[in-house]
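Colleague: Sequence first, then the predicted structure:
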Amino acid sequence: MQNPSPSIPIMSSIPFKVIKYPVIAVIGLLSYGIIGSTLIMRLDIVNAIYFTIITTATVGYGDISPQNPIQKLFVVTLVLGGASLIAYAFTLIIMVVSMTVEDITSGARHRRMLKSAKNHFVLCGYGRVGSAVHKELLKRNQSVVIIEKDQKIVEKELWDDPNVLAIPGDATDEGVMIDAGIKSARGVIITTGEDVDNLFITLTAREIRPDIWIVTRASKKVNVKRLYRSGANKVISPESSGAEDIYFAAIQPTIMKITEMHEVGDIRKESEIILKHGCTLENIEYHLPEFREPLARKIGITKIDQLDRFLESLDKDPKRKKSLERIYESVSGIHSHWISGPDKETLEKVAEELKKEGFLLGVDLNEEEIKEAARKYGRLVEVVIKPEINITETHDVIDIREEAEIILKHGCTLEDIEYYLPGFHEPLKRKVGLSDTNEMERFLRRLEADSARMEALERLYTLSGGGIHSHRISGPDTKSLSRVEKELKQKGFLLGVNLSQEEIFEKIKEYGRVSELLLLHDPGQTDDKNIIINNGGRILDSKHYLPGLEQVVTRKLYIKDLEDLKKCEEEYKKPDARRSLDTLSQISRNIHSHTVSATDVKTIKKITKALAEFGQLLGVDLPEEEIWKIVESAEPARFCVE
């Protein structure tokens, strides 16, 4: 291994704790001697050190000698403590060194290291294929324990490198497998040249660890099925696959495909997120709309310096960088990577960070799902000359100028507009073709000068989910479209890009400001309408439900203010209108509904609460089946607001 795993400490077998306390005691004794020589013997620091050393070593040249009883007592304690303690410490050190040498030569040190091995691969067989697989694993910083039958290979080739963990033995032996740490391993790779051995090793591994991932070599294709039946998850035949294929099969449980969308300038940020978690960026796939299969390229980046070299080469070669930018442009920045990691939890952390950064479109998507993600979130370029996107927005008529300015300033064209009217399956579509600021100004001036036209447009916006509509916009390139998308989002206009019709109707339910309120009151009363108008709402229509026939009679109203309400009340006073309304109310048992729009969802909730408190509300946005149940019931229940 190039970088030993933290879970396999190389020096853990040397028992330093055995000599730790004697060494501390020797240091303490020397400190005692130096301090005592200074205070009791009245020596300077240099002579104190000298006197302490020669006394504890029992040399004693006689040039410095104790003169009084206290000094003599001090020297006695120093001599006795020094002679015994230093002899004991040196004996222990010699013993530890001997044990360590014996450990290294006998292989016992390796076995102790193996006991602490975790999340590693057990590689069975170190022949031509096994050594190649080992190199592939080391290249990706994977921890490996090797089991090899040939004692000479283990002792002469593998144990020469102190960072390689290997044990001699037969992998079909359950004890050898346990010694190799199979119980805490992440996978078993079997690369011996004998298919019979591979089969028995597979059976042994599966018996010890029923849940472990097993990849085995098959020397002959005819034995592939047998090895699968014996319990292997993957069987690789070197007749058709190399060491790299075995590596990818081995890490399959901890490999993930991420699909992203970003620009060339974001490559560093994306790669740093992947590499800092100890993951490998295996490849890149570009999803070109004209091709069934993606354009794939191997990468194999595991370290940040590899990334730095790649980015530096781009900066030094402008033509190469421009080519990469063109590829990103042609795929709208949408591409995929296979990334491998130490475990699934780490891969999930990488995906979460990429998602927070705004890069991630999905995980383990198939080609159809990638195309769908490209259509939904990106700008899949079917015609490279004129890229375009469909945007779905929500805003009022007064925001038209600001919306158009954002689109036009980036050189884009507002091709058309679609309104989503209740009761219609298809949207109302109108061509616009706006690409010039002067055209926009002329349109807005005509709109402001014509109140009837302005009212019609306001009514259209109100009916269409309270201002929800879509535009198809085209631009000179996908970057311009991306900037438009970003600015519209910042303004709070944008609801989504390239949404399907079903998704748009879901957005209308979620963000729209139009609700259908089912009401109960006597004919001719306008209290409900007063509540709606006074709380900032507009009444688009009135529906009466005829039980038995199961028919709905709809009257278009569009009451936007108190003046419109006054006109409506005057209409009710006319005899013919009164008779018709009374008859309709009697048949529908005084139950009817109003389609109400407002400037925001809060206003709708405010209206709903007021009608409920007044005792007229039966329900909000009810399905038709439920409305008929209420109409046909003897005593319909009133709606309560919590």
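Modeller: Thanks, I have the structure now. Numbers count the residues shown, from 1 in each chain.
Colleague: And the strands in the stretch 451-600 of the chain?
Modeller: 468-474, 494-497, 514-520, 538-546, 551-559, 591-597 (DSSP state E, counting those that start in this stretch).
Colleague: go on, the stretch 301-450 of the chain?
Modeller: 334-340, 360-363, 388-394, 413-419, 428-434.
Colleague: Put together CSV for those, with distance to residue 572 and mean pLDDT on each row.
Modeller: Glycine gets a C-beta too; all of them are placed from N, C-alpha and C. CSV is the format used below for the strands of the stretch 301-450 of the chain (distance: least, Cβ to Cβ, whole Å; pLDDT from 0 to 100):
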stretch, distance to residue 572, mean pLDDT
strand 334-340, 59, 91
strand 360-363, 56, 90
strand 388-394, 34, 90
strand 413-419, 31, 91
strand 428-434, 31, 87
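Colleague: Is it possible to get these out as a markdown table so that each row also shows mean neighbour count and distance to residue 509?
Modeller: Shown next, in a markdown table, are the strands of the stretch 301-450 of the chain (neighbours: other Cβ atoms under 10 Å; distance: least, Cβ to Cβ, whole Å):
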| stretch | mean neighbour count | distance to residue 509 |
| --- | --- | --- |
| strand 334-340 | 23 | 29 |
| strand 360-363 | 19 | 24 |
| strand 388-394 | 21 | 12 |
| strand 413-419 | 18 | 16 |
| strand 428-434 | 13 | 19 |
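Colleague: Now distance to residue 226 too, for those, in a markdown table please.
Modeller: Output for the strands of the stretch 301-450 of the chain, formatted as a markdown table (distance: least, Cβ to Cβ, whole Å):
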| stretch | distance to residue 226 |
| --- | --- |
| strand 334-340 | 29 |
| strand 360-363 | 35 |
| strand 388-394 | 54 |
| strand 413-419 | 61 |
| strand 428-434 | 63 |
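Colleague: Can you add mean neighbour count and give the strands of the stretch 451-600 of the chain back as JSON lines?
Modeller: Compiled in JSON lines, these are given as follows (neighbours: other Cβ atoms under 10 Å):
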{"stretch": "strand 468-474", "mean neighbour count": "22"}
{"stretch": "strand 494-497", "mean neighbour count": "20"}
{"stretch": "strand 514-520", "mean neighbour count": "22"}
{"stretch": "strand 538-546", "mean neighbour count": "20"}
{"stretch": "strand 551-559", "mean neighbour count": "14"}
{"stretch": "strand 591-597", "mean neighbour count": "24"}
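Colleague: comparing the ones you listed, which gets the lowest mean pLDDT score?
Modeller: Among the strands of the stretch 451-600 of the chain, strand 551-559 carries the lowest mean pLDDT, a mean of 80.
Colleague: Show the contacting residues for residue 286.
Modeller: Residue 286 makes contact with 294-296, 327, 330-331, 335, according to Cβ atoms under 8 Å, 6 or more residues apart in numbering.
Colleague: can you pull out the helices in the stretch 1-150 of the chain?
Modeller: If DSSP state H, counting those that start in this stretch is used as the criterion, the helices of the stretch 1-150 of the chain fall at 16-39, 45-56, 69-106, 108-115, 128-139.
Colleague: for the stretch 451-600 of the chain, that is, sorry about that
Modeller: Using DSSP H, counting those that start in this stretch, the helices of the stretch 451-600 of the chain run over 451-463, 478-491, 501-511, 527-534, 562-572, 575-587.
Colleague: again with the stretch 301-450 of the chain
Modeller: For the stretch 301-450 of the chain, applying DSSP H, counting those that start in this stretch gives helices covering 304-316, 318-330, 344-356, 367-377, 400-409, 437-449.
Colleague: quick one: which of those helices is nearest residue 584?
Modeller: Closest to residue 584 of the helices of the stretch 301-450 of the chain is helix 437-449 (Cβ to Cβ; 37.1 Å).
Colleague: Helix 400-409 and that closest one, what's the angle between them?
Modeller: Interaxial angle, helix 437-449 versus helix 400-409 (axes from the mean of the first three to the mean of the last three Cα atoms, to 10 degrees): 170 degrees.
Colleague: between the helices of the stretch 451-600 of the chain, which one is nearest to residue 554?
Modeller: In terms of Cβ to Cβ, the element of those nearest to residue 554 is helix 575-587, at 11.3 Å.
Colleague: these two touch, right, residue 40 and residue 75?
Modeller: No: using Cβ atoms under 8 Å, residue 40 is not in contact with residue 75, being 9.0 Å away.
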